[in-house]
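In: heads up, no residue letters with this:
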Ligand code: NAD
């Protein structure tokens, strides 16, 4: 009906400082109700072309501003987002299905902090200088922004991950064309409304909405976009690598994970259990860093399982806008189906589902009956070769298995194609260092999870990615270095 279509939120691309409508649109669903509530531009080559041109035109002015000027603008943008934190959090929760509590305490505060962090760190980089006294030369390096950066982000932490790219890119003096996930575009569009007020000149930040196949690929293939920063799945990264190869583009790839938690018999279970439940199920398990393989030393295995399942059952699944809810809706109907199928496969392979999917019943409020919900699910007695132990599930599903020795568990933890994050729980200082050194993983947390210092490198090994992001790493990625030699 007309009344219905009128109530839909309609997004527009943001190009050259202006909102511009698109000729066709994609439906975007509210995952907690299953209703279409928003229309997202279905951009393609033409829109990407216009955005890249705007970004190219803006580059000379933006790149010649001093780091301090850019820093002040980034701080202003952080303030403006923070001022609207509640509106952003509500929008992120509605668009993504995540709980309002998570959006309020994690997603949006982090988006704000991303801008503050790079506003600060850009002021503190120093370049190198060496002397060759015997030949009367000094060498020094200088760093300059590269040009138009293409930024492609996923749906799980929409504004958080997009701003983790936009902030360092523009702090370094690049201009950007960003393409958020077509499933979660609303908060990026809201941010565009604040750019002018923050003092970001037109064309510095352009946002083109649409699918990966159309808008994303047009950006990846554009000859005037020399660098692509991508966060998403390993499969898409392979495609991006292939498509960008003819242009020899600089790529930063932050990809999937199959993250182990290794729990030794001297672990403090009172800390370990609630943290491991959180690391398994936070944001519906839709965080690249979520734990999905839990290795527990034999002596504490049954006690761990009992307490872990009891703790997982405390997590309340339901309407994401209810502040007491811990688990919201999954991103889409298709994704929910995919996650459920992993649980079914585990069952046919003889694994035991201890709680959640297929075991416990889920009572949802009347308005959420068609939402994409699933209970936190714990699976035990899964074989290491099982797809549930090898593939990224990216939902509220975690597998628990027993191990005997340190050597054995290191081999098994490393026995997947991914290498993003791992957690190690033990009271022995020597052991946590030994194990951390041998894990094939870009990040290792011991006796904690998701404690981040943005100064330090973030990223994965093996199929989990190429490159790192962080204060120095992002600075290096988003700038081109030159070595200059002076003879005196
Ligand atoms: P995805 O790869 O399907 O999509 C990510 C983005 O790429 C989206 O914007 C999508 O539209 C775009 N895209 C898809 N095909 C494209 C193409 N051919 N060319 C250019 N762009 C294309 O991933 P997703 O399902 O949105 O996100 C989930 C994945 O992201 C998981 O694997 C998760 O582990 C990973 N992830 C990794 C990190 C990290 O930092 N390592 C963080 C969050 C999520």
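Out: Right, received. Where do you want to start? Here the structure is a predicted model, which is why all the values come from computation and not from measurement.

In: and residue 449, what element?
Out: Using DSSP states H and E, residue 449 sits in no helix or strand.

In: again, but for residue 484
Out: Element membership of residue 484, judged by DSSP H and E, is strand 479-487.

In: can you give me how far that strand is from the chain middle?
Out: Between the centre of strand 479-487 and the centre of its chain there are 34 Å (Cα atoms, centre = their mean, to the nearest Å).

In: which stretches of the chain have low pLDDT?
Out: Low-confidence segments of the chain, defined by pLDDT under 70, are located at 1-6.

In: now the element after the biggest helix by length in the chain, going C-ward?
Out: When the chain is parsed with DSSP state H, its longest helix is helix 45-63. On the C-terminal side of helix 45-63, the closest following helix or strand by DSSP H and E is helix 67-83.

In: report the distance from that next one to the chain centre.
Out: Between the centre of helix 67-83 and the centre of its chain there are 22 Å (Cα atoms, centre = their mean).

In: mind checking which helix or strand the residue nearest to the spatial centre of the chain is in?
Out: Centre of the chain computed as the mean C-alpha position; nearest residue by Cα atoms, centre = their mean is residue 161, 4.8 Å away. Residue 161 belongs to helix 158-171 when elements are defined using DSSP H and E.

In: thinking residue 389 is in contact with residue 382, fair?
Out: Yes. Taking Cβ atoms under 8 Å as the contact criterion, residue 389 and residue 382 are neighbours in contact, 5.4 Å apart. Any C-beta I mention is one placed from the backbone N, CA and C, and that applies to glycine too.

In: what do the two both touch?
Out: Shared contacts of residue 389 and residue 382 (Cβ atoms under 8 Å, 6 or more residues apart in numbering): 399, 401.

In: isn't residue 65 up against residue 173?
Out: Yes. Using Cβ under 8 Å, residue 65 makes contact with residue 173 at a distance of 7.1 Å.

In: enumerate the residues of the stretch 151-300 of the chain near the ligand.
Out: In this structure, the stretch 151-300 of the chain approaches the ligand at residues 152-156, 161, 179, 181-182, 211-213, 216-217, 220, 231-233, 236, 239-240, 254-257, 288, judged by Cβ under 6 Å from any ligand atom.

In: which of the residues you listed are buried? Put it as a PyMOL command.
Out: Selecting just the buried residues from these in PyMOL takes one command, with 16 or more other Cβ atoms under 10 Å as the test:
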select buried, resi 152+153+154+155+156+161+179+181+182+211+212+216+217+220+231+232+233+236+240+254+255+256+257+288
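
In: who has more neighbours out of residue 65 and residue 173?
Out: Higher neighbour count among residue 65 and residue 173: residue 173, with 23 against 15, using other Cβ atoms under 10 Å.

In: the residue nearest to the more buried one when sequence neighbours are not counted and residue 16: what is the separation?
Out: Excluding the flanking residues, the one nearest residue 173 by Cβ to Cβ, 6 or more residues apart in numbering is residue 145, at 3.4 Å. Shown here: residue 145 relative to residue 16, a distance of 19 Å by Cβ to Cβ, to the nearest Å.

In: again with residue 328
Out: For residue 328, the distance to residue 16 under the criterion Cβ to Cβ works out to 36 Å.

In: tell me which of those two has more neighbours.
Out: Here residue 328 and residue 16 are compared on neighbour count by other Cβ under 10 Å; more neighbours surround residue 328, at 31 against 18.

In: next, the contact list for the more buried one, please.
Out: Taking Cβ under 8 Å, 6+ apart, we find residue 328 in contact with 31-32, 93, 96-99, 102, 284, 317-320, 373.

In: let's see it at 10 Å
Out: Contact criterion Cβ atoms under 10 Å, 6 or more residues apart in numbering gives 31-32, 93, 96-103, 283-284, 286, 317-322, 368, 371-373, 396 as the residues in contact with residue 328.

In: ditto for residue 9
Out: Neighbouring residues of residue 9 by Cβ under 10 Å, 6+ apart: 28, 37-40, 91, 94-95, 185-186, 189.
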